[in-house]
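Undergrad: Curious how this folds, go ahead:
(chains A and B)
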Amino acid sequence: MNIKKLGKLALPYLVWMLVLVGIPLVMIFILSFMNTDGVSFVGATWTTAAWEKMFSFADPTNLKILGDTFLYALIATVICFLIGYPMAYIVARSPFSNKFVILILTIIPMWSNSLLRNVALKNILSETNILDNLLSRIGLSFSIAFANQDQATFISIIIGLVLTYLPFMILPIYTVIEKIDESLLEASMDLGANRVRTFAKVTFPLSMKGVTTGIIMVFLPCFSGFAIQKLLSSGTVYVLGSLIEANFIHDINFVSMLSIVILILIFGSMMIVAKVDKEGATLV
Amino acid sequence: MKKLCMLLLVALIPMVAFGCSAKPTLQLLNWGEYINPEMVSAFEDEYDVRVNITIAESNELMEEKIVNDTANFDVVIPSDYMIEKLWDEGYLQKIDLTKLTQYNQANFVTGISTILGEMFTDNDDVDNPYSISIPYFWGVFGIMYNKSLEGLEAYIQEEQWAAIFEPEPTGMFPRALKVAMYDVPRFAYSASLLYADQVGLIDDENALNVYSAEYLELSEDILSQRTYDQWATDMVKKDIEAGLRDLGFVYVGDFFDTFLILTEDATTAEEALALTDHIGIIVPDSTIAFYDGMVIPADAENVDLAHQFIDFFLRPEVAYENSGIVGYTPCLEAVIQMIKNGTEGDVIRAAMASNPNLPFNPSDAPVFGGKPLVAFSDDITSEIIAMTVRVKTN
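TA: Numbers count the residues shown, from 1 in each chain, chains lettered A, B, ... in the order given. Next up, the predicted model:
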């Protein structure tokens, strides 16, 4: 059987993708420029009302939400990078024979449901928490004191996002550093570079693929998700995802527009990945 | 090839078996965990039929399922405003009350009469709201609180809605109150207008069902008077019980749900009351009320069977068993009495229902001002959602 014949086998998949992904995407795009009654096109009119509602300077609420969403995602990504890179580097370069075990340790928490982990985190961060409850039996107490409600909310959300998505930063960076040819580092040292210089001139540039993938794999879910933010702020913080949730039933056009905004961002990042990582080696 | 044929055959068997079933099937569209499955089985056995239950998570999803005609449902259990909307749009048929042997309007609690009295008031073709829907469960909104803060209970009883919407006087409590708001924009909007009427900001007792730019602005101002520590639905009751919030705006059913969870292992009334000593609930004099009613869609296929089903669930003993699963207040006076007197030996529920401090039947109160919400259009609802988003974000 030659490859051409095998290629035909992909046809059902293409049809499947077109019907279940392609057409809905086009529908969402069209809906964002219309005023419809639910998903019914009866009596629908063309309008840019949904886009104006989002990018209105008269009522900047939605823009502020966009900014907040971006800010949370950005800070969480930076912290994930600052923790994740050294960790991936140390594990990959360690003489430890079974590095896999250490990696498994970072993945194990992911085996439990991420929402449950965040419910537990929320409990630990609140005044009456399970640790305090346990420690009080031996006369100790535990509680994290925040200056005010806003600070508590902000810090809780960042901790939640970092704890949830950190493994997505570590793994791609680890994969890339692990693959770097040891002889390149030796060559660098032979030519007189010290360890710092070797890292800056050889290791780090060679690990950029993993860094890009890691950043995108952390940033995107932080930006488009809302469950963690909603849970840890007790519903007092709005992000783009929660706007979609709140408006889903009553304003499908606004929701479509929000989805397009998120999609643009996702496609944009995919293009960056494609540019940096042409073989797509770090994604798998 | 042989294997493939076998596979196809196996795949077909369930379909054939399903198609062969000679029993008529009643299609029920209901909320999740909103019926006692044992009672459904009892109905199936008694009438030798099958009941197929489809679940919807909101009134709007129920509407979608009825309107889109994905299946012909025989009985649906939506809430008040959706019943009115579905009737107005022609998706429901009248219930033939003469076919219901158990039906007697006088059997329903007074709260139900009050709510149904507010239904279809501008509709001349409905002379009896009970002929459109038969009440299934009902309830009101109230203020749930944790008693750990001294003086809070008296403060809430005195201030009612103001306890939720107004910042408390400084120095009244050793620390700032932590207040939770119910995260359904429509409820927050209507409750804030009930508060406005209570404190005299407006003089309009029907404000909860009125939408205007002026009221929207008023509601935004009211909701911005204090910062809420929480906007949530099911978490509110849990957090108040755990002492993480002091008070919150909840369904009264949420309180009783919490009561039953806390008293799961209790065996005596005293034990039950001791376990729930730290939480309380009050119902403001004027509040939002709701009921869920059994209706028959216009395109139902088994109309007679639908009537038999509704009739079955009007039997006091069936409704009693049903209410053991569903935490809301039953609509039949006889059932409430059965629970209060503990005639079936359920001392915990008897302790809960007969406690004069707990509004198990809110219409027992000297003043009962529960009003159902009317349906707002999608455009208005979006405006209200945008308003609460502004309140939370700015």
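
Undergrad: Quick check: residues of the stretch 251-394 of chain B near chain A?
TA: B:378, B:381-382, B:385-386, B:389-390, B:392-394 (CB under 8 Å from any CB of the partner chain). In this view, the C-beta of every residue, glycine as well, is placed from N, C-alpha and C.

Undergrad: from those, which is closest to residue A:172?
TA: residue B:393 (34.0 Å; CB to CB).

Undergrad: For the residue in the stretch 1-150 of chain B that chain A sits nearest to, give its distance to residue B:85.
TA: In the stretch 1-150 of chain B, the residue that lies nearest chain A is residue B:60 (4.8 Å; CB to the nearest CB). Separation of residue B:60 from residue B:85 (CB to CB, to the nearest Å): 10 Å.

Undergrad: I'd say residue B:231 and residue B:185 touch.
TA: No - here residue B:231 does not reach residue B:185: they are 9.6 Å apart, not a contact under CB atoms under 8 Å.

Undergrad: overlap in contacts of the two?
TA: Here residue B:231 and residue B:185 share the contacting residues residue B:388, scored by CB atoms under 8 Å, 6 or more residues apart in numbering or on different chains.

Undergrad: Which SSE is immediately downstream of the lengthiest strand in chain B?
TA: The single longest strand within chain B, with elements called by DSSP state E, is strand B:134-146. Downstream of strand B:134-146, the next assigned helix or strand under DSSP states H and E is helix B:152-159.

Undergrad: which other residues reach that next one?
TA: B:143, B:145-147, B:163, B:166, B:168, B:172-173, B:177, B:246-247, B:280, B:282.

Undergrad: Give the rounded mean pLDDT of stretch B:255-269.
TA: Mean pLDDT, stretch B:255-269: 90.

Undergrad: Give me the subset of the residues of the stretch 251-394 of chain B next to chain A lying in helices.
TA: B:378, B:381-382, B:385-386, B:389-390, B:392-393 (DSSP state H).

Undergrad: Greatest separation within these: which pair is it?
TA: B:378 and B:393 (21.8 Å).

Undergrad: pLDDT averaged over the helix or strand residue B:296 falls within - what is it?
TA: Taking DSSP H and E as the criterion, residue B:296 maps to strand B:296-297. For strand B:296-297, mean pLDDT is 96.

Undergrad: Next: stretch A:272-284.
TA: 64.

Undergrad: Next: stretch B:67-83.
TA: Stretch B:67-83 carries an average pLDDT of 89.

Undergrad: cool, stretch A:71-90 as well?
TA: Per-residue scores along stretch A:71-90 average to 95.

Undergrad: Buried ones in it, by neighbour count?
TA: A:72-73, A:75-77, A:79-81, A:84-85, A:87-89 (16 or more other CB atoms under 10 Å in any protein chain shown).

Undergrad: Same check on stretch A:224-235?
TA: Result for stretch A:224-235 [16+ other CB under 10 Å]: buried residues A:224-235.

Undergrad: So which of the residues you listed reach chain B?
TA: Answer for those near chain B (CB under 8 Å from any CB): A:234-235.

Undergrad: now the strands: where do they sit in the stretch 51-200 of chain A?
TA: Using DSSP state E, counting those that start in this stretch, no strands are found in the stretch 51-200 of chain A.

Undergrad: need the residues of it near chain B, please.
TA: Residues of the stretch 51-200 of chain A lying near chain B by CB under 8 Å from any CB: A:53, A:59, A:61-62, A:64-65, A:68, A:126-128, A:149.

Undergrad: so which of the residues of the stretch 251-394 of chain B next to chain A comes closest to residue B:267?
TA: Using CB to CB, these come closest to residue B:267 at residue B:392, 44.1 Å.

Undergrad: Might one say that residue A:161 is in contact with residue A:226?
TA: No - counting by CB under 8 Å, residue A:161 sits too far from residue A:226 to count as a contact (11.3 Å).

Undergrad: still on that earlier bit, name only those of the ones in helices among the residues of the stretch 251-394 of chain B next to chain A that count as buried.
TA: Counted by 16+ other CB under 10 Å, those give B:378, B:381-382, B:385-386, B:389-390, B:392-393 as buried.
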